[in-house]
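> just coords:
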């Protein structure tokens, strides 16, 4: 059996050469621009230090407290994204819990008690499937 036609060999050689060349100039410029944009997503207004896109508000606040202690009471002076930031709740878990508790309407009590296991067993239901 043969090892393929000349057309296939030429095509494979073209693909290998493309991989060796790497990115084109346009691709390099686009990647460079994206990296610059992502790298300077958050910039401190005072000292011009940059932070990545994935930097959390708690990290930005830590920068404010450690580098600019005099601006601790007003972190918006460094980063606009810290407007409404609560240092006592850095991850926003307390605020999310309040929102979810306020948005969930209370369910009416169903006949037969609550959702605990004892009330289910009293009603004659089993916890899992029975094996045959």
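Received the coordinates, thanks. Since we're looking at a predicted model, the values are computed, not measured.
> centroid residue for the protein?
What sits nearest the mean C-alpha location of the chain, by C-alpha atoms, centre = their mean, is residue 54, with 7.0 Å.
> how far away is it from residue 78?
Distance of residue 54 to residue 78, given as C-beta to C-beta, to the nearest Å: 18 Å. Backbone N, C-alpha and C define where each C-beta goes, glycine included.
> residue ranges of the strands in this structure, please?
42-43, 50-51 (DSSP state E).
> can you tell me the strand partners of the first one and which way each runs?
Same thing as strand 42-43. strand 50-51 (antiparallel) (DSSP bridges).
> nearest residue to residue 68 other than its sequence neighbours?
Excluding the flanking residues, the one nearest residue 68 by C-beta to C-beta, 6 or more residues apart in numbering is residue 46, at 5.6 Å.
> the one you found contacts residue 79, doesn't it?
No - applying C-beta atoms under 8 Å, one finds residue 46 not in contact with residue 79, separated by 9.8 Å.
> where exactly do the helices run in the chain?
With DSSP state H as the criterion, the chain has helices at 6-21, 25-39, 57-67, 93-103, 117-122.
> looking at those, which one is packed in the most?
helix 57-67 (a mean of 16; mean count of other C-beta atoms under 10 Å).
> need the residues that contact that one.
Helix 57-67 has contacts (C-beta atoms under 8 Å, 6 or more residues apart in numbering) with 42, 44, 46-47, 49, 51, 71-72, 75, 78-79, 81-82, 85, 87, 90-92.
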